[in-house]
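Participant: Next comes the sequence, and after it the predicted model I'd like to discuss.
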Amino acid sequence: MHLDVSLPPVSLKEVPAIAVAMEGMRFDGLWSPETQHDPFLPLALVAEHTNEMCFGTAVAIAFARSPANIAHTAWDLAAASQGRFILGLGTQVKPHIERRFGMPWPESPASKLREFVLAVRAFWSAWQGDGRLNYRGEYYKLTLMTPFFNPGPIEHPDIPIYLAGVNPGLCRLTGEVADGFHIHPLHTERYLREVVRPAIAEGARRAERDEGKIQLSTSTFVVTNTQQEIFVRSQIAFYASTPSYRRVMSLHGWDDAAEELSSLARKGKWDAMSDLVDDEMLATFAVVEKPDALAGAVKKRYAGLVDRITPYWSFHPGDDEDFWRVLVDEWKRT
């Protein structure tokens, strides 16, 4: 089980020092999110200033871009890093695609994402092979690739693609076409056992693929002090208020709490939402433990369920140094 870390929302000029510190801290991987900044630009700097740590997007929004854009960017990052790049893709939700990115929302998001993945791989295959591009689907028809636009083969062309999601549809799609799955932070051990992993296995069986080769990566709420507890309660409340994630709450019989959280969110009463996250809910969604026992508790909870763990807590060099050093040291020992 690998211990990864998420790049905080910082300016590009800060990325090199943070990446160097993360690799020096002995994290196994680094993930760049798409929140306040583009997820790809920092990774060019990560590739330049690190040597061993793998890195990727968690996630880049597919429907805000074209397969060609993604294919070129991923190809360059894989080449620059000697194959350490992982492409993580997500769909986002309809309001953000339409009202934040100004792009159309597909009638079938899973179908379009499937085509997106296959289209990206069609570009890579053309560049690594004879240069012929011929992908024809419902959403994408890609048949033009001249030498002027062909970057040519690279040393590490097998770029892993991870998909992200919460509900069974995208889990099944991962089993069918992807190399890995980014699990949303609003999850529970039970949800992984009863929903996520069975759906991925079903997709893999449909496509006659080996489920065991699909990597699962998760962002995990951790609580070792009061500051983290306040933050995690607020994040659980925020995510649980989203109707798209209702299935997780329903599995545990928390539909009433989810509906009340949604109502408060619609009214903009964000400060009141954390009060609805009781201790049982906190312990179910987060790993609550003392700092020196956190690594063991995380590994115990996720044993046999996931391959990569990313604590849901921002890393800044010099901040919370004792927390991070103890976590990494104990992780390597246990």
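Facilitator: Looks like it came in fine.
Participant: Would you tell me which helix is longest in the chain?
Facilitator: Assignment by DSSP state H gives helix 109-128 as the longest helix of the chain.
Participant: Check the average confidence over that helix, would you?
Facilitator: Mean pLDDT, helix 109-128: 98.
Participant: Contacts made by stretch 274-282 with the rest, please.
Facilitator: For stretch 274-282, the surrounding residues in contact (CB atoms under 8 Å, 6 or more residues apart in numbering) are 223, 229-230, 232-234, 236-237, 240, 254, 257, 260-261, 264, 288. In short, each C-beta sits where N, CA and C put it, glycine included.
Participant: Just the buried ones from these?
Facilitator: 223, 229, 232-233, 236-237, 240, 254, 257, 260-261, 264, 288 (16 or more other CB atoms under 10 Å).
Participant: which residues are in contact with the very next helix or strand once past the longest helix of the chain?
Facilitator: Sequence order places strand 135-136 as the next helix or strand after helix 109-128, per DSSP states H and E. The contact list for strand 135-136 (CB under 8 Å, 6+ apart) reads 118-119, 122, 141-143.
Participant: Could you rerun that using 7 Å?
Facilitator: 118-119, 122, 142 (CB atoms under 7 Å, 6 or more residues apart in numbering).
Participant: can you check stretch 58-67 too?
Facilitator: For stretch 58-67, contacts defined as CB under 7 Å, 6+ apart pick out 6, 31-34, 39-40, 70, 88-92, 97, 101, 103, 113, 116, 119-120, 123, 140, 142, 164, 182.
Participant: What mean pLDDT does stretch 194-210 get?
Facilitator: For stretch 194-210, mean pLDDT rounds to 98.
Participant: what residues does it touch?
Facilitator: Here stretch 194-210 has contacts from 168, 171-176, 181, 183, 211, 214, 251, 305, using CB under 7 Å, 6+ apart.
Participant: I'd like these laid out as JSON lines, including secondary structure.
Facilitator: Below are the contacts of stretch 194-210 laid out as JSON lines (DSSP: H, G, I helix; E, B strand; the rest coil):
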{"residue": "168", "secondary structure": "helix"}
{"residue": "171", "secondary structure": "helix"}
{"residue": "172", "secondary structure": "helix"}
{"residue": "173", "secondary structure": "helix"}
{"residue": "174", "secondary structure": "helix"}
{"residue": "175", "secondary structure": "helix"}
{"residue": "176", "secondary structure": "helix"}
{"residue": "181", "secondary structure": "strand"}
{"residue": "183", "secondary structure": "strand"}
{"residue": "211", "secondary structure": "helix"}
{"residue": "214", "secondary structure": "coil"}
{"residue": "251", "secondary structure": "helix"}
{"residue": "305", "secondary structure": "coil"}
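Participant: and which of those residues is nearest residue 156?
Facilitator: residue 214 (19.6 Å; CB to CB).
Participant: pLDDT score for the closest one?
Facilitator: Per-residue confidence (pLDDT) for residue 214: 98.
Participant: Over to it: give its phi and psi.
Facilitator: Reported as degrees, to the nearest 10, the phi and psi values for residue 214 are phi -90, psi 120.
Participant: most centrally placed residue in the chain?
Facilitator: residue 58 (3.3 Å; CA atoms, centre = their mean).
Participant: returning to that earlier point: so which of the contacts of stretch 274-282 are in helices?
Facilitator: Using DSSP H, the contacts of stretch 274-282 in helices are 229-230, 232-234, 236-237, 240, 257, 260-261, 264.
Participant: JSON lines for those, including distance to residue 154 and pLDDT?
Facilitator: Below are the ones in helices among the contacts of stretch 274-282 laid out as JSON lines (distance: CB to CB, whole Å; pLDDT from 0 to 100):
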{"residue": "229", "distance to residue 154": "45", "pLDDT": "97"}
{"residue": "230", "distance to residue 154": "46", "pLDDT": "97"}
{"residue": "232", "distance to residue 154": "40", "pLDDT": "97"}
{"residue": "233", "distance to residue 154": "45", "pLDDT": "97"}
{"residue": "234", "distance to residue 154": "43", "pLDDT": "97"}
{"residue": "236", "distance to residue 154": "41", "pLDDT": "97"}
{"residue": "237", "distance to residue 154": "44", "pLDDT": "97"}
{"residue": "240", "distance to residue 154": "42", "pLDDT": "96"}
{"residue": "257", "distance to residue 154": "49", "pLDDT": "96"}
{"residue": "260", "distance to residue 154": "52", "pLDDT": "97"}
{"residue": "261", "distance to residue 154": "46", "pLDDT": "97"}
{"residue": "264", "distance to residue 154": "50", "pLDDT": "96"}
